[in-house]
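Novice: how does the following fold in three dimensions:
(chains A and B)
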Protein chains: 2
Amino acid sequence: MENKLSIGLFGFGVVGEGIYQVLLQKLSLNATIKKICIKHPEKKRNAPAELFTTDYNDILNDPLINVVIELIDDADEAFKIVSTAITKNKAVVSANKKMIAESFPQLLLLQAEFEQPFLYEAAVCGSIPIIRNLEEYYDNELLESICGIVNGSTNFILTKIFKEKIDYKIALAEAQSLGFAEWDPHLDVSGMDAANKLTILLLHGHGILTSPKNILHLGIENIHAEDAKYALGKRWQIKLTAQAKRLKNGKVAAFVLPQFVSKESQLYNVENEFNGVVLQSALSDKQFLYGKGAGRFPTASAVLSDISALRYQYKYEYRKHQQQDTGLETDFLLWVYVSCNSWADLDMEDFAWIDAIHTTEQRQYVTGGIRFKTLSNATWIRRQGVSLIVLPDGIIQEMNFDLLDKKFLSDPGCLVQGLV
Amino acid sequence: MENKLSIGLFGFGVVGEGIYQVLLQKLSLNATIKKICIKHPEKKRNAPAELFTTDYNDILNDPLINVVIELIDDADEAFKIVSTAITKNKAVVSANKKMIAESFPQLLLLQAEFEQPFLYEAAVCGSIPIIRNLEEYYDNELLESICGIVNGSTNFILTKIFKEKIDYKIALAEAQSLGFAEWDPHLDVSGMDAANKLTILLLHGHGILTSPKNILHLGIENIHAEDAKYALGKRWQIKLTAQAKRLKNGKVAAFVLPQFVSKESQLYNVENEFNGVVLQSALSDKQFLYGKGAGRFPTASAVLSDISALRYQYKYEYRKHQQQDTGLETDFLLWVYVSCNSWADLDMEDFAWIDAIHTTEQRQYVTGGIRFKTLSNATWIRRQGVSLIVLPDGIIQEMNFDLLDKKFLSDPGCLVQGLV
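Specialist: Below you'll find the predicted structure:
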């Protein structure tokens, strides 16, 4: 029943080398690396010289290699490697969430045509087996929501902001110096990386095939020390979360936004570079998976689990997507907190209602409801100095004005403009 | 590829009825209940009368029924049903941890001979997919330890003791009145239920086939309000944990004992009837799975996931056990806290060393190290009024006396007897 795996490896960075070392020792995995394709042959490598090549074809055209592991940074090159490998009837393992999320339509077609396994557990939440669990264990009809901290760098920075009461820029610099954030952190801190991961979670969790471009995302660049103070006053944390929630009509609300998290949530205690995902299901209620989301060993761990699964012909079946793709819903409301340096930075007309306004010398903030569609089209939410954070239980399916303080409802825009 | 499932159900309690109701609605599962075997035909049931029978054979001898779901309490009857169903080439789902843990040798042989799936995710930690993850995702060589709160009733009682600063007996009575503890709570509060579950975790996590009889277990019956005070003073919680830890020689230390848990552990925040398991692995570091461990819906959720997996011919392969069963290790030390009403209740000679002794008018306690073998043979640890709790990081593989305060080392027994 068990396959012998002969592996062609693309990339020999920290993860690639870690996997090479582990496979040398773990003979029970029945897997050996036959060839390693690298970009920089001049670099000194901790492996025999004859293993290395700079020519893709030495791997892709080798009929004896039955598994390709792709661990390079460049998403376009990664797609070429992965798609060619599948057409050459090789099983593929990848960790490239950007490439996977952006190329799902093509990758699904290729998998269907060539019936080759394409596994990528390392692409979301590193060592946490979230994809495998969503794929195998959480039934689509019963799964109500996914809410996760899926980016370790931003969580590390947010933890520093809260613990040391410092501003975003100082926290980012510290995270970079410790290796917990990239020198070009844009993908992470803008929420784009989390949007890529949410695209993958949506397919395996809810059967929804979408593109990261369709996912509203804000990052943590504008989180202000005053926002952290506001949160601490209410005993909340601020976390960058990727969320998907099934609404009453069966469609799914999904976005990546900063979120206030109360002590009752398991996400409250997810600190530093750790990741955590809360799954809510009709029968099992809340479940929580927690672990290291990135880094050499956690990533290697997930890749090794995929290699291990290939021995037994495991592949994703994408059953939920095949059964029914309900698509995303944009017709709902978000209950949010927005802070700014000046009221002129906000388009207050975009609010469906406002329930609190607060002004200090340093900073103003407002809390209220905004239609998700309006938010998706708003440009002011990305203005420098504007910080938008979703309030706890902030996804509202139906407006119930009876529950709201009516004082600001008549004409919030005018009212607040009066304050400027 | 997909099987149509025709189910024979044994037991129509809250879980059984829940599954019946869900299957009526979830047509996508492609599973229908053909017959339900019950013990008490006189009870009114929320299902058509023609579904019910009191004769096992109406299910076991029906060639059209290809799946048996066993949800009865009686472990001996459950084993008869399960083993007969397997020999009749039916797939089986069960939640009966006692029966499974005690009958593993026979059940493994039957599965190997008849090649029928036998799934039991609901038997450990209810809705948390711990068995499936250990079986599929956590490689044996890399898995270092499992430490879990696997019994919801005892965790509910311990939470009450801590939050309300009340004694065990009062907390138990409240748990019973709320339905969080059985009226005969012995299996739970003695740690026996957790030992059954640990037997199952050991097989799927570490490939070790053992019997619950071989697992040292203490429960929470002797936890004293003073123990909780001691814990609170150090900002710890007391949790009943099932633990398995791979030692340096490759063998595994395993036991069910009350454990002090510090704030750094994810188990610290597992409250009330919830379960949680921390898995430590060489590459992925600590991971944590959390969810509801028992109750109608969480159990039904796990059973439904097993039913769902049967559609795709999923079965446990027990690969780790087949590759290598290292067996359990008993040659290690535990660092423990023991409190008592009188020093005469303890056999102080059993301690390998003592590092603190404390006496108050109400209660005495001692902390020190005990060889696990000695502890396993000790009878005083079960004496009324004696409370033994493992200290954080309490598994000690090699004694390093240099790290210890030497004052009590010379002859702890004599020294403490002097205090009596």
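Novice: only C-alpha atoms from now on, for both contacts and neighbour counts.
Specialist: Fine.
Novice: mind showing which ranges of the stretch 151-300 of chain A have poor pLDDT?
Specialist: Nowhere does the stretch 151-300 of chain A drop to pLDDT under 70.
Novice: quick check: A:T374 touching A:D350?
Specialist: Yes - with contact defined as CA atoms under 8 Å, A:T374 counts as touching A:D350 (6.5 Å).
Novice: who touches both of those two?
Specialist: The overlap between the contact sets of A:T374 and A:D350 (CA atoms under 8 Å, 6 or more residues apart in numbering or on different chains) is empty.
Novice: so which residues on chain A come close to chain B?
Specialist: Residues of chain A lying close to chain B by CA under 8 Å from any CA of the partner chain are A:127-129, A:133, A:136-139, A:283-292, A:297-302, A:305, A:309.
Novice: from those, which land in helices?
Specialist: Within those, residues falling in helices by DSSP state H are A:N133, A:E136, A:F297, A:P298, A:T299, A:A300, A:S301, A:A302, A:S305, A:A309.
Novice: for these, work out which two are farthest apart.
Specialist: A:E136 and A:F297 (24.4 Å; CA to CA).
Novice: residue boundaries of the strands in the stretch 301-420 of chain A?
Specialist: Remark: strands assigned in the stretch 301-420 of chain A by DSSP state E, counting those that start in this stretch are A:333-340, A:351-359, A:364-371, A:387-396.
Novice: please identify the most buried of these.
Specialist: Ranked by mean neighbour count under mean count of other CA atoms under 10 Å in any protein chain shown, the strands of the stretch 301-420 of chain A are led by strand A:333-340, which reaches a mean of 23.
Novice: which residues sit against that one?
Specialist: Here strand A:333-340 makes contact (CA under 8 Å, 6+ apart) with A:227, A:346, A:363-372, A:385-391, A:393-399.
Novice: again, but for stretch A:236-245
Specialist: By CA under 8 Å, 6+ apart, the list of residues contacting stretch A:236-245 from outside reads A:144-151, A:154-155, A:158, A:162, A:191, A:194-195, A:198, A:202, A:219-220, A:228, A:231, A:252-263, A:268, A:389.
Novice: repeat for stretch A:91-102
Specialist: Identification of contacts with stretch A:91-102 by CA under 8 Å, 6+ apart yields A:66-73, A:75-76, A:78-79, A:82, A:85-86, A:107, A:116-124, A:193, A:196-197, A:199-200, A:211-212, A:299, A:303, A:306-307, A:310.
Novice: how far does that stretch stretch from start to finish?
Specialist: Separation of the first and last residues of stretch A:91-102 by CA to CA, to the nearest Å is 20 Å.
Novice: average pLDDT for it?
Specialist: Averaged over stretch A:91-102, pLDDT sits at 97.
Novice: ok, now stretch A:387-402?
Specialist: On average, stretch A:387-402 scores 85.
Novice: could you do stretch A:352-359 as well?
Specialist: Mean pLDDT, computed over stretch A:352-359, is 92.
Novice: picking up where we left off before, among the contacts of stretch A:236-245, name the ones in strands.
Specialist: Of the positions in the contacts of stretch A:236-245, A:144-149, A:252-262, A:389 sit in strands, assigned by DSSP state E.
Novice: residue boundaries of the helices in the stretch 101-250 of chain A?
Specialist: With helices called from DSSP state H, counting those that start in this stretch, the stretch 101-250 of chain A shows them at A:104-114, A:130-136, A:152-164, A:168-177, A:186-189, A:192-206, A:225-233.
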